[in-house]
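A.B. asks: Generate a structure from the sequence data that follows.
(2 chains)
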Amino acid sequence: MRRFDPEQVRRDVPELRRTVHGLEMAYLDSAASSLAPRSVIEAMSRYYERTHTNVHRGVYEIAEEATEAYELARKSVGTFIGAPHPMKEIVFTKNATESFNLFARAWGGSVLGEGDVVVLTEMEHHANIVPWLQLKEERGIELRYLGVTDQFRLDLTRLDETFAGARLVSITAMSNVLGTIPPIRKIADAAHAAGALMAIDAAQLVGHAPMDVVDLGVDVACFSAHKMLGPTGIGVLWARAELLASMPPFLGGGGMILDVKLDSFKPADAPHRFEAGTPPIAEAVGLAAAVRYLRSLGMDSVAAHDLELTGYALERLGSRFGDKVRVYSPQDLTDRGGVLSIDLEGVHAHDLAQVLDRFGVCVRPGHHCAKPLMRRLGVPATARVSFGPYSVERDVDALLSGIEHALGMFG
Amino acid sequence: MDDLEDLYREIILDHYRSPRNRGELPTPPAHRTEGFNPLCGDEIVLTIVLDDDVIEDVRVDGHGCSISQSSASLMTGAVKGKSVDDAKVAMRTFKRMLTVAEEDDLDADEPLDVRKLGELAALQGVVKFPVRIKCATLAWNTLAQALAEMDA
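C.D. replies: Model (predicted):
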């Protein structure tokens, strides 16, 4: 495996040139949002400086160029995740949350009724819970949950029983709190055997590990660009071509129709059927640049880099602080990514994060939009540490110094 | 790190480590109100007993950061045994100190005298950390909600 140089990635990310409280920034919050390399920012600037206009409308030269750039982004992100038919299967949304809402509304809203079963897990982000709870309230669907073990893995002991009669299994491909990567292929096979569709929340996985939707055996994947070195404001819904083609529209308006009369409309084919209004064009261009950048690093190397730092952090946290730091995350380095949650004895996560800020360390305190998981873990809040390809060991060292200080202050 | 020490003054750490008036009063006679800070996940339960217009007893339970928990502890000390009107005055002064005064605050033009707040003034350093202001006001907002629910 060819390895990239994280110091070179740091030089490529303009934001890492700034300081925080006069210190080098130790950015350990990539699970919330990743830092964009210059090539992403420049691609968007170039678009605004040279090519900007609306897409799918004009016939003049720059309108053609804008449309081409937008549609090319669809192809590049689709190819990146192994989509068999990118041009029919990639829908651009606002973010992963909107992708889930689109899927829940368009597919769930037209197919699911009273008593139909959707299976989720206790480690889901709210984006993959609330849209289904809304359908539960409105249509009376039933939700079942796979539990989380004390080793912070999914409890797969009763898959067949839980999946019996289910219409959909929708699961995170990597927990945004624990870093756990569930065995998606195995779960997808079990879901399909039970006659259910399989969806994944790929927001944390797609920018951090090789991901191929065909190999994973899934039908739907939702993710957002800003967690994969791209811009905010654009997300992706991928769904198998036949499935997407069978779904009614979500939002209505311009761009998603074939024809509109005073008393009726004919929707366009997928994916445009699901892209009402002017889409995030500059953001799509930025996302395509992010995909190019990630490809240049190599996704195997990105994953290996994350894991190396995770191993370093786990080892140093344990040896330096022992029981004073609880780690809510698998301790072994298999089937996990570069995310770990910590809780300090006697120090609330918000106070820890506040102290860490003074050490230039950016971590995320709170419930991480996963309140059911926090209840399962029995902790109101954790401080989450997450890595990106620009992360280095001295970021972890700064974290350790900050923890030391916080323990002294509150202990 | 001076402003960090300004935020985490000893009195705040003391109230965080040893919160006063902790727990829940039996309902009834106490009135029970829950307060949430959805951003942070802080959750508190405030139970309060009024005797006419006097706050006879008040307790706070729940979990959260040192700022939200110490603020709750300091608040109980400040309002227990006081009249509802006095508690509301303290609330307004406290919120003005944290620059989140209500629009209908009639005293808004008067200069703020934080000395009136006694120990509560220890939370003054929070102003420099805008994200944490919600932590400091959680208990007070929950008290306001409780008083409104009780028509007090």
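A.B. asks: SS state for the residue in the stretch 151-300 of chain A that chain B sits nearest to?
C.D. replies: Closest approach between the stretch 151-300 of chain A and chain B, counting by CB to the nearest CB: A:Val177, at 12.1 Å. All C-beta spots, glycine's among them, are computed from the backbone N, C-alpha and C. Under DSSP: H, G, I helix; E, B strand; the rest coil, A:Val177 falls in the coil class.
A.B. asks: so who does it touch?
C.D. replies: Going by CB atoms under 8 Å, 6 or more residues apart in numbering or on different chains, A:Val177 touches A:Met123, A:Tyr328, A:Val339, A:Ser341, A:His368, A:Ala370, A:Leu373, A:Met374, A:Thr382, A:Arg384.
A.B. asks: Try it again at 7 Å.
C.D. replies: Residues near A:Val177 by CB atoms under 7 Å, 6 or more residues apart in numbering or on different chains: A:Met123, A:Tyr328, A:Ser341, A:His368, A:Ala370, A:Leu373, A:Thr382, A:Arg384.
A.B. asks: Also B:Gln124?
C.D. replies: Each residue near B:Gln124 by CB under 7 Å, 6+ apart is listed here: B:Met97, B:Val114.
A.B. asks: what pLDDT does it get?
C.D. replies: Per-residue confidence at B:Gln124 stands at 84 (pLDDT).
A.B. asks: can you list the residues that contact the helix ranked longest in chain B?
C.D. replies: Of all segments of type helix in chain B, defined using DSSP state H, the longest is helix B:133-149. Applying CB under 7 Å, 6+ apart, the contact partners of helix B:133-149 are A:350, B:31, B:33, B:35, B:37, B:39-40, B:42, B:44, B:46, B:48, B:60, B:64-65, B:67-68, B:71-72, B:75, B:79, B:84, B:91, B:94-95, B:98, B:100, B:123, B:126.
A.B. asks: Could you list which of the contacts of A:Val177 belong to helices?
C.D. replies: A:Leu373.
A.B. asks: among the contacts of helix B:133-149, which are in strands?
C.D. replies: B:His31, B:Thr33, B:Gly35, B:Asn37, B:Asp42, B:Ile44, B:Leu46, B:Ile48, B:Val60 (DSSP state E).
A.B. asks: ok, the first one touching B:Ala152?
C.D. replies: No: taking CB atoms under 7 Å as the definition, B:His31 is not a contact partner of B:Ala152, at 9.0 Å.
A.B. asks: In chain B, what residue spans correspond to helices?
C.D. replies: Taking DSSP H as the criterion, chain B carries its helices at B:2-7, B:10-17, B:66-79, B:84-97, B:133-149.
A.B. asks: can you put these in TSV and add mean pLDDT?
C.D. replies: Output for the helices of chain B, formatted as TSV (pLDDT from 0 to 100):
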stretch	mean pLDDT
helix B:2-7	80
helix B:10-17	89
helix B:66-79	93
helix B:84-97	90
helix B:133-149	93
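A.B. asks: got a list of what residue 70 touches?
C.D. replies: All of this refers to chain A. So A:Tyr70 contacts A:Val55, A:Pro279, A:Ile281, A:Ala284 (CB under 7 Å, 6+ apart).
A.B. asks: let's do chain B instead
C.D. replies: By CB under 7 Å, 6+ apart, B:Ser70 lies in contact with B:Ile12, B:His15, B:Tyr16.
A.B. asks: which ones are touching the last one?
C.D. replies: Residues in contact with B:Tyr16 (CB under 7 Å, 6+ apart) are B:Ser66, B:Gln69, B:Ser70.
A.B. asks: Leaving aside the residues adjacent along the chain, what's closest to residue 64?
C.D. replies: All of this refers to chain A. Nearest non-adjacent residue to A:Glu64, counting by CB to CB, 6 or more residues apart in numbering or on different chains: A:Gly58, 7.7 Å away.
A.B. asks: actually it's chain B I care about, not the one you picked
C.D. replies: In space, B:Gly64 is closest to B:Asp42, 3.2 Å off (CB to CB, 6+ apart).
A.B. asks: from the contacts of B:Tyr16, which is closest to A:Val13?
C.D. replies: The shortest approach to A:Val13 among the contacts of B:Tyr16 belongs to B:Ser66, at 33.3 Å (CB to CB).
A.B. asks: For that closest one, give its distance to A:Ala202.
C.D. replies: Between B:Ser66 and A:Ala202 the distance is 37 Å, computed by CB to CB, to the nearest Å.
A.B. asks: what about these two, which has more around it?
C.D. replies: A:Ala202 (29 against 24; other CB atoms under 10 Å in any protein chain shown).
A.B. asks: In contact with the more buried one, which residues?
C.D. replies: Taking CB under 7 Å, 6+ apart as the test, what A:Ala202 contacts is A:Ala173, A:Met211, A:Ala221, A:Cys222, A:Phe223.
A.B. asks: ok, of the residues you listed, which one's closest to A:Pro86?
C.D. replies: Taking CB to CB as the measure, A:Pro86 lies nearest A:Ala221 of the contacts of A:Ala202, at 12.5 Å.
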